[in-house]
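Peer 1: What follows is a protein structure lacking sequence information:
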């Protein structure tokens, strides 16, 4: 059937909305009128590869939503409000341009918008991001490629949100057959973070009570370290204890480091010098300015879940996510 | 490097725990002793294909954790408590036996344990399950295979948790390039469910104000219907309005139905006769008894995230999840 979907030329009439359902009006009930200013707008994808021929979806050219009603769509009585399908889905406006790099203020504004306007929950976002980070680790370090016999990964978690994402990452790594160990020296009293901690503890993920200053012990025992110590909200530098001591250790280890969002000790915008040099960076939602200075091997972005309007408002120019992937390497 | 990991024969000494880190005791601090009764137990996988040779992981035979310490593990000073890695990860004890089918009481007990003992949040579980359901839909109905030009899917949501999972499913379907439309006639006042609704509304997913009784309109407009009306907790039968009317309609549609957990109108144990006949079933956590009577095309299970101890306690005998997949077809 791909032929039926591919290459169908859209044209004219942005209101001849093809499916979803635009039934007649039985019983006097009216279909829901479109909500919000974006609903009945024309094409919403101002950049990228959208054209009159259609949207280049990841599975080929798809008929543009403003195309003529497909034969299977029920006829629309004139004058009846239409539940017009949105012009684009969040993932169908990929671009070949590089993604936008966010300032600290923009990153905060996106998170605020997700939490306050879109009503995402913090638990929900941390779960989504932690899962995506674990998937990124499996892509950067597939099980068969690990140099150590045991698929060990050390996950170092700071006291704030970045640390909670690390906890979720560890939990998913465990279900992906890795053997994570967590170092989480300064536990947050926030019940939300406590719950994420309990999940890991109850799943028998070991917690270390200290990080040895002898880096060779870490190099020998683990295949990689996940740096979930400090995130975009942190002040530049190594901060207070116990973060300073952790960063001093991470600076000298030789096994690869996977940093979540912003490498710990780096400034979200200006980056860091003399700090840690991660091998892998997982940008949450979108890359921050500091990612321009990332010189490691792989840079992943975990922003597929972002609503299209957020992508557009902040001009994120998101990468194309294949299949159902939640992360993609730039 | 796969050769280094594959086929390494484990033997003897369950306590010669290879990594993670078992450092010496600098500064008098001691590593965290193992937590919980499971931590220092021997092999925990009583069924399945575990043997002295190792665990058959999804990437081949992996050395059993009780094997001799790998050369790269730091030496363990005698008498120092060891953060022994758990014997198994949640996904590494797959079995070829069919999965266990749960009674209604068992399904409730698992959810209670996840929420109360493991401290999973309801928001978190709904997000995990909704995402998994969307992935299952993409597997059952890949974009290129859809018979309609527009990748439309109708998601019908009930007032309780099953409906909230449907809302999350719709949101992820949208980010997977589908065009979901939601019918959610009886909205829950629960703030959690309201937030999931807001996320969909703000993402411009259309909501229908009524479901046409003329099923041909539905057949024509959508490629499939996601049935998130009633879940395992519902009483058997069609229940009260608006569910009864919805089920009467769904019974007569000809496009495929994807039911979440328990087909609406079915009893979680005895199934249903004369009710809807879904084409696809997505069992949440583990299949319920009624799934034995499922005669549709594909049966997915979304239980990868379940802690190993829960899988073991309830003898779930989970299927093997490939790669980082969150669902698997039985």
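Peer 2: Yep, it's here. Keep in mind the model is a prediction, meaning the values are calculated, not measured.

Peer 1: and residue A:282, that's in a strand?
Peer 2: Yes: counting by DSSP: H, G, I helix; E, B strand; the rest coil, residue A:282 falls inside a strand.

Peer 1: What residues are bridge-paired with it?
Peer 2: residue A:260, residue A:300 (DSSP bridges).

Peer 1: Could I get the contacting residues of it?
Peer 2: A:132-133, A:136, A:258-261, A:300-302, A:327 (C-beta atoms under 8 Å, 6 or more residues apart in numbering or on different chains). C-beta here means a position set from N, CA and C on the backbone, and glycine is covered the same way.

Peer 1: can you give me the angle the helix or strand harbouring residue A:167 makes with strand A:280-284?
Peer 2: If you go by DSSP states H and E, residue A:167 is part of helix A:161-175. Here helix A:161-175 points in a direction 110 degrees away from that of strand A:280-284 (axes from the mean of the first three to the mean of the last three C-alpha atoms, to 10 degrees).

Peer 1: so after helix A:161-175, what's the next helix or strand?
Peer 2: Next helix or strand after helix A:161-175 toward the C-terminus (DSSP H and E): strand A:179-183.

Peer 1: name the helices or strands packed onto that next one?
Peer 2: strand A:152-157, helix A:161-175, strand A:207-208 (3 or more C-beta pairs under 8 Å, 6 or more residues apart in numbering or on different chains; DSSP states H and E).

Peer 1: Name every strand pairing with the shortest one and say which way it goes.
Peer 2: Think strand A:207-208. strand A:179-183 (parallel).

Peer 1: Would you mind listing the buried residues in the helix or strand that the partner strand is followed by?
Peer 2: Note on strand A:179-183: by DSSP H and E, the next helix or strand toward the C-terminus is helix A:191-202. Across helix A:191-202, burial judged by 16 or more other C-beta atoms under 10 Å in any protein chain shown covers A:192-193, A:195-197, A:199-202.

Peer 1: List, out of the residues you listed, those positioned next to chain B.
Peer 2: Among these, the residues lying close to chain B (C-beta under 8 Å from any C-beta of the partner chain) are A:192, A:195, A:199, A:201-202.

Peer 1: Could you point out the longest helix of chain A?
Peer 2: helix A:122-140 (DSSP state H).

Peer 1: and residue A:295, what element?
Peer 2: Residue A:295 belongs to no helix or strand, assigned by DSSP H and E.

Peer 1: Tell me how far it lies from chain B.
Peer 2: Separation of residue A:295 from chain B (C-beta to the nearest C-beta, to the nearest Å) stands at 24 Å.

Peer 1: show me where chain A has strands.
Peer 2: A:55-57, A:60-62, A:152-157, A:179-183, A:207-208, A:224-228, A:257-260, A:280-284, A:298-302, A:328-329 (DSSP state E).

Peer 1: mind listing what's buried in stretch A:109-118?
Peer 2: Buried residues in stretch A:109-118 (16+ other C-beta under 10 Å): A:110-111, A:113-114, A:118.

Peer 1: same question for that stretch, mean pLDDT?
Peer 2: The average pLDDT within stretch A:109-118 is 96.

Peer 1: Output the below-cut-off pLDDT ranges for the stretch 1-150 of chain A.
Peer 2: Low-confidence segments of the stretch 1-150 of chain A, defined by pLDDT under 70: A:1-96.

Peer 1: before we move on, back to that, which one of the buried residues of stretch A:109-118 is nearest to chain B?
Peer 2: Chain B has its nearest neighbour among those in residue A:118, at 5.0 Å by C-beta to the nearest C-beta.

Peer 1: Quick check: closest non-adjacent residue to that closest one.
Peer 2: residue B:202 (5.0 Å; C-beta to C-beta, 6 or more residues apart in numbering or on different chains).

Peer 1: Residue A:113 versus the one you found, what's the distance?
Peer 2: Going from residue B:202 to residue A:113 by C-beta to C-beta, to the nearest Å gives 10 Å.

Peer 1: returning to that earlier point: ok, the buried residues of helix A:191-202 vs residue B:102, which is closest?
Peer 2: Residue B:102 has its nearest neighbour among these in residue A:202, at 20.5 Å by C-beta to C-beta.

Peer 1: Which pLDDT value belongs to the closest one?
Peer 2: 96.

Peer 1: can you tell me which residues contact it?
Peer 2: B:36, B:117-119, B:307, B:309.

Peer 1: Sort out for me which of the residues you listed are in helices.
Peer 2: If you go by DSSP H, these have residue B:309 in helices.

Peer 1: got the contacts of residue A:202 as TSV, with distance to residue A:246 columns?
Peer 2: Converted to TSV, the contacts of residue A:202 look like this (distance: C-beta to C-beta, whole Å):
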residue	distance to residue A:246
B:36	26
B:117	31
B:118	27
B:119	26
B:307	28
B:309	30
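
Peer 1: which one is residue A:302 nearest to, not counting chain neighbours?
Peer 2: Per C-beta to C-beta, 6+ apart, closest to residue A:302 is residue A:132, 3.5 Å.

Peer 1: Over to residue A:107?
Peer 2: residue A:232 (5.1 Å).

Peer 1: what's the pLDDT at the one you found?
Peer 2: 74.

Peer 1: Quick check: it vs chain B, distance?
Peer 2: 22 Å.

Peer 1: so that residue sits right up against residue A:104, yeah?
Peer 2: Yes: counting by C-beta atoms under 8 Å, residue A:232 does reach residue A:104; the two are 6.1 Å apart.

Peer 1: intersection of neighbour lists for those two?
Peer 2: A:268, A:288.

Peer 1: With neighbour numbers in mind, choose between these two.
Peer 2: A direct count of neighbours by other C-beta atoms under 10 Å in any protein chain shown for residue A:232 and residue A:104 places residue A:232 higher, at 25 against 17.
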